[in-house]
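K.L.:
below is the structure, and that's it, no one-letter string:
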Ligand SMILES: O=C[C@H](O)COP(=O)(O)O
């Protein structure tokens with residue numbers, strides 16, 4: 001049985017004051033979350049505050065990106081060991097916003113996967129097709145290519161130490177959500193693709209859905225057999241909405 005995971009990706013949002021408010025709301029309501037594992041990924045500068053507030057609670061935290069390098073002259077980069085120094089459990093890698101705005105390739109994302117594991121972090125490995133790719137009928141080809149790059153570089157056993165987040169790019173921040181059936185189809189394909197390398201890894205692997213998931217549509221999505229949680233953007237910025245998604249896994 002795979003425990004659902006609901007992770008909040010705060011992206012580049014918030015101030016120290018708003019982060020404190022959000023954390024207070026999450027701590028107040030986390031007791032109602034019975035089933036899902038919960039995590040938040042704040043902007044890096046807020047990680048010490050998140051650690052101070054969430055240490056000792058059931059909520060884990062993580063980074064939004066990491067460097068492939070361990071240390072040195074890489075201005076602006078953050079090493080995996082720096083994230084673990086501040087108690088991070090998870091790190092998002094390969095988010096479509098990093099692929100699009102920072103030119104991250106499948107190969108670089110695979111290197112980041114290894115770097116994360118070397119530091120003891122659990123990668124939240126994002127994959128997904130653009131609208132154009134979906135309309136051209138190449139969704140499966142795209143996600144297969146993204147997965148295969150990690151399997152080739154890291155091996156399937158290391159892939160199994162992470163979590164996959166399927167995020168159709170056309171559904172991110174747009175209010176357009178993949179229907180539960182559309183999402184389930186791709187999740188099943190992802191599991192099938194991984195099972196070609198290892199049925200055991202595929203069976204245990206958590207595959208999250210991301211893309212305009214909200215309290216109102218979470219239960220339907222989470223009810224699908226291959227959807228093991230969510231990677232939440234906009235709705236993770238309001239404690240009530242985020243907890244509403246986390247509790248949808250209770251049912
Ligand atoms: O990482 C999170 C995803 O990009 C989803 O963002 P969204 O929930 O705002 O659509």
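P.N.:
Now that the structure is in, tell me what you want to look at. Quick caveat: nothing in here was measured; it's all calculated off a predicted structure.

K.L.:
and what about the residue nearest in space to the middle of the chain, helix, strand or coil?
P.N.:
Closest residue to the average C-alpha location of the chain: residue 124 at 4.1 Å, with Cα atoms, centre = their mean. Classification of residue 124 by DSSP: H, G, I helix; E, B strand; the rest coil places it in strand.

K.L.:
that one and residue 37 touch, don't they?
P.N.:
No: the criterion here is Cβ atoms under 8 Å, and residue 124 misses it with residue 37 at 11.9 Å. All C-beta atoms are positioned from the backbone trio N, CA, C, and that covers glycine.

K.L.:
which residues touch the residue nearest to the centre of the chain?
P.N.:
Counting by Cβ atoms under 8 Å, 6 or more residues apart in numbering, residue 124 touches 7, 41, 62, 90, 91, 92, 93, 162, 163, 165, 208, 231.

K.L.:
just the buried residues of the residues you listed.
P.N.:
Neighbour counting over the contacts of residue 124 (16 or more other Cβ atoms under 10 Å) leaves 7, 41, 62, 90, 91, 92, 93, 162, 163, 165, 208, 231 as the buried ones.

K.L.:
what sits closest to the residue of the stretch 101-250 of the chain found nearest the ligand if chain neighbours are left out?
P.N.:
Residue nearest to the ligand within the stretch 101-250 of the chain: residue 233 (2.3 Å; Cβ to the nearest ligand atom). In this structure, residue 233 finds its nearest non-sequential neighbour in residue 9, 5.3 Å apart by Cβ to Cβ, 6 or more residues apart in numbering.

K.L.:
state the number of residues packed around that neighbour.
P.N.:
26 (other Cβ atoms under 10 Å).

K.L.:
give the contact list for it.
P.N.:
Going by Cβ under 8 Å, 6+ apart, residue 9 touches 41, 64, 92, 95, 210, 231, 232, 233, 236.

K.L.:
which SSE is residue 158 in?
P.N.:
Residue 158 is located in helix 156-159, with elements delineated by DSSP states H and E.

K.L.:
show me where the stretch 101-250 of the chain has helices.
P.N.:
106-118, 131-135, 139-154, 156-159, 180-195, 199-204, 215-222, 239-248 (DSSP state H, counting those that start in this stretch).

K.L.:
all good on my end, thank you.
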